[in-house]
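Engineer: Generate coordinates for the sequence data below:
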Amino acid sequence: MRLVSGVTLLCMLLAGCASRPVVVEDRNEPEPGSHADPEQTVSMEDYSVDMANPGMVHALLSAQLQEWEGTPYRLGGMSRKGVDCSGFVFLTFHDRLGVRLPRTTDQQARVGEKVAKDQLQTGDLVFFRTGRGVRHVGIYMNHGRFMHASTSRGVMVSSLDNVYWRSHYWTARRIETRF
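Structural biologist: Residues are numbered from 1 along each chain as shown. Model prediction:
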């Protein structure tokens, strides 16, 4: 009984000492007619990566790609058994970069700062309009390439210069860290 009480006390002390994540507020207004929460935030975990260091960000994204490449697409999926595009972005930013993004593509398209296509940097989110009301998201790597969960081929790298992606490109967002 004393052992259980001691373990419980230790867990409570450790939980009380846990540091809280720093929160970066979304400075962008939701699109008219959307149901986005104006208080939507991006949370930067304590171990967040300096997004201004493209070499480090690229290495971490490459490690995630190596681990997840070929994982099949599954709508709503959040595991190696199947993942959708926004789930892959969510998991990559959380697991590799220490950033907790919103879960859906529409919500992810409202965080960070808008970036021109010719100004893309490693780690920027790239968005596509792939059908009526359908959006797709990926993470820019470098040299015109982005990683994403394709509905037909699963997690992979594609080129922004591909005729399909070029014709469906919508916008890009940069997730800035601000402490």
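Engineer: CA atoms of the helix or strand that contains Glu67 as PDB?
Structural biologist: Element membership of Glu67 [criterion: DSSP states H and E] is helix 54-68. Output in PDB follows, covering the C-alpha atoms of helix 54-68 (Å, rounded to 0.1, in the frame of the first residue of the first chain):
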ATOM      1  CA  PRO A  54      16.200  25.000 -42.900                       C
ATOM      2  CA  GLY A  55      18.900  22.400 -42.600                       C
ATOM      3  CA  MET A  56      17.700  21.100 -39.300                       C
ATOM      4  CA  VAL A  57      14.000  21.200 -40.500                       C
ATOM      5  CA  HIS A  58      14.900  19.400 -43.700                       C
ATOM      6  CA  ALA A  59      16.800  16.600 -41.800                       C
ATOM      7  CA  LEU A  60      13.800  16.100 -39.400                       C
ATOM      8  CA  LEU A  61      11.300  16.100 -42.300                       C
ATOM      9  CA  SER A  62      13.500  13.600 -44.200                       C
ATOM     10  CA  ALA A  63      13.600  11.300 -41.200                       C
ATOM     11  CA  GLN A  64       9.800  11.400 -41.000                       C
ATOM     12  CA  LEU A  65       9.500  10.700 -44.700                       C
ATOM     13  CA  GLN A  66      11.800   7.800 -44.500                       C
ATOM     14  CA  GLU A  67       9.700   6.300 -41.600                       C
ATOM     15  CA  TRP A  68       6.300   7.000 -43.200                       C
END
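Engineer: going forward can the numbers begin at 16, since that is how I track them
Structural biologist: Shifting the count to begin at 16 puts that one at helix 69-83.
Engineer: which strands and helices sit next to the helix or strand following it?
Structural biologist: For helix 69-83, the following helix or strand on the C-terminal side (DSSP H and E) is strand 93-94. Using 3 or more CB pairs under 8 Å, 6 or more residues apart in numbering; DSSP states H and E, the elements in contact with strand 93-94 are helix 100-112. Every C-beta, even on glycine, is put in place using the N, C-alpha and C of the backbone.
Engineer: So what touches the helix it packs on?
Structural biologist: Residues from elsewhere that reach helix 100-112, judged by CB atoms under 8 Å, 6 or more residues apart in numbering: 60, 63-64, 66, 72, 75-76, 78-79, 83, 86, 88, 91-93, 98, 114-120, 123, 138, 140, 151-154, 162-165, 170, 190.
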